[in-house]
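Undergrad: Need a 3D model of the following:
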Amino acid sequence: MASQLIEKHRENAEIYHGDALCKQKSIELLIEMDLPKGLLPLNDMEEVGYNRQTGFVWLKQKKSTEHVFRKVSKKVSYAPDITAFVEPRKFKKLSGVKSKELLIWLTLSEIYIDDPSSGKITFMTPAGLSRSLPVSAFELEESEGPTKAAEKEKKKEEEAAMA
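TA: Predicted structure coming up:
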């Protein structure tokens with residue numbers, strides 16, 4: 001279904017390819033939408049697209065990845081294809097992102113910041129369940145910019161290959 005949505009919104013979209021450029025563009029999008037820069041810690045990105053007319057965004061990576069946001073001890077899974085409609089401080093109709101709560105993976109359908117002064121970001125499931133967490137937990141750590149994160153991931157893969 002994600003691929004059909006992407007094809008539908010491809011016309012008139014800004015489309016970027018290559019891991020480094022895609023990481024840069026995804027961070028620029030988060031900044032433009034006034035969302036934390038570390039919200040999409042994706043690896044091996046192949047394509048990022050943004051149709052400004054419809055607000056539709058897609059991010060493609062080679063394979064699913066998981067990331068732990070240490071400040072809030074939350075594990076999040078990112079599918080190879082992530083799609084959403086964006087507007088300032090909000091991702092809606094989100095697909096491809098799940099969060100682990102206790103022993104259950106919950107699909108996320110919306111991420112938003114209602115009141116920037118609250119310092120909270122809210123994650124909502126299709127069933128309407130939500131949890132608000134500190135925005136600061138999803139900022140990029142200065143040492144974790146796109147280049148450092150890529151170097152760290154490469155080192156991890158090399159260590160795994162040696163084991």
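Undergrad: does the residue sitting nearest the centre point of the chain sit in a helix, a strand or a coil?
TA: Nearest to the mean C-alpha position of the chain, by C-alpha atoms, centre = their mean, lies residue 40 at 2.7 Å. Three-state assignment for residue 40 (DSSP: H, G, I helix; E, B strand; the rest coil): coil.
Undergrad: OK, contacts around the closest residue to residue 101 other than its chain neighbours?
TA: Of all residues not flanking residue 101 in the chain, residue 131 sits nearest, at 7.8 Å (C-beta to C-beta, 6 or more residues apart in numbering). C-beta coordinates here come from the backbone N, C-alpha and C atoms, glycine included. For residue 131, the contact set (C-beta atoms under 8 Å, 6 or more residues apart in numbering) comprises 101, 122-123.
Undergrad: pLDDT averaged over the top strand by length along the chain - what is it?
TA: Longest strand of the chain, by residue count under DSSP state E: strand 74-87. Mean pLDDT, strand 74-87: 97.
Undergrad: got a list of contacts for it?
TA: Here strand 74-87 has contacts from 2-3, 5-6, 29, 33, 40-42, 50, 54-69, 91-100, 105, 133, 137, using C-beta under 8 Å, 6+ apart.
Undergrad: try stretch 26-40
TA: Residues from elsewhere that reach stretch 26-40 (C-beta under 8 Å, 6+ apart): 42, 45, 48, 50, 57, 59, 69, 78, 82, 86-91, 111, 113, 116, 121, 135-136, 138-141, 144, 146.
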